[in-house]
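Enquirer: generate a structure from the sequence data that follows.
(one chain, ligands or ions: 1)
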Amino acid sequence: MIIFGSKATQVATKNINDECSNCGTQNSIQMTVFQKYAHVFWIPFFPIGKTGVTQCSHCKQVLEKKEFPGNLKSHYEALKLNSKTPVWTFSGIAAFIVLAIWGVVSTSQKNEKNANLILTPQKGDIYEVKMDFDQYTLFKVENVAGDTVFIIVNEYETNKVTGLVDLKNKGDEAFIQEPLPMLKTALKSMLEKGEIINIDRK
Ligand SMILES: [Zn+2]
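Expert: Okay, here's the model as predicted:
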């Protein structure tokens with residue numbers, strides 16, 4: 001469940017010299033400008049415009065922005081222009097952008113690492129393999145001879161990519177000790193097709 005909504009924070013306040021339209025008192029109106037912002041789980045996400053209110057210190061009448069008479073509208077526009085949007089109201093969207101960039105960078109680093117490892121297989125390399133029907137298992141490099149890589153296959157499968165951790169924890173005994181010869185080019189093609197999703201090298 002995502003809890004989101006909008007809040008407002010005070011960004012400017014000013015005494016207005018005009019007379020109150022309700023009680024006629026001079027110099028009794030205080031205007032306040034608020035910055036509205038969207039929040040998600042109470043974390044300010046991004047600003048969504050400003051609003052304002054006035055209160056008369058004499059008759060206590062409160063007017064919202066949409067009720068402002070013409071003179072208060074002009075005061076409001078001027079005060080709004082002079083009030084800055086606090087940088088912290090962008091916190092969530094800024095964090096989101098940083099995370100998105102980090103995700104893109106770390107994915108491209110992982111892809112580069114895997115592309116290098118597939119071309120230089122070594123005994124002990126573990127390939128995370130996605131099979132048909134969204135099942136996952138592990139391949140392990142048992143031996144390399146020229147262009148041929150001898151693979152042993154894990155005897156277990158998992159239907160979640162996160163389940164591969166459990167397969168790794170089962171250790172060497174979980175691999176079927178009948179090495180399967182595969183060409184380096186075939187393994188490279190499996191990586192490119194997304195059938196090998198990651199490579200571990202100790
Ligand atoms: Zn008044």
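
Enquirer: so which elements touch the longest helix seen in the chain?
Expert: Criterion DSSP state H: the longest helix present in the chain is helix 91-119. Counting by 3 or more C-beta pairs under 8 Å, 6 or more residues apart in numbering; DSSP states H and E, the packing neighbours recorded for helix 91-119 are strand 29-40, strand 43-56, helix 184-192, strand 196-200. C-beta here means a position set from N, CA and C on the backbone, and glycine is covered the same way.

Enquirer: in that helix, which residues are buried?
Expert: Residues of helix 91-119 classed as buried under the neighbour-count rule (16 or more other C-beta atoms under 10 Å) are 91-92, 114, 117-118.

Enquirer: as a markdown table, those with distance to the ion and pLDDT would be great.
Expert: Conversion of the buried residues of helix 91-119 to a markdown table gives the following (distance: C-beta to the ion, whole Å; pLDDT from 0 to 100):
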| residue | distance to the ion | pLDDT |
| --- | --- | --- |
| Ser91 | 38 | 94 |
| Gly92 | 39 | 93 |
| Asn114 | 72 | 95 |
| Leu117 | 76 | 95 |
| Ile118 | 78 | 95 |
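
Enquirer: the closest residue to Val62 other than its chain neighbours pairs with what?
Expert: Spatially, and ignoring its direct neighbours in sequence, Val62 is nearest to Gln55 (5.0 Å; C-beta to C-beta, 6 or more residues apart in numbering). For Gln55, the beta-bridge assignment (DSSP bridges) gives partners Gln30, Val62.

Enquirer: roughly how far does Gln55 sit from the ion?
Expert: Between Gln55 and the ion the computed distance is 9 Å (C-beta to the ion, to the nearest Å).

Enquirer: can you give me the pLDDT of the residue lying farthest from the centre of the chain?
Expert: The outermost residue of the chain, judged against the average C-alpha position, is Gly24 (53.1 Å), by C-alpha atoms, centre = their mean. Per-residue confidence at Gly24 stands at 93 (pLDDT).
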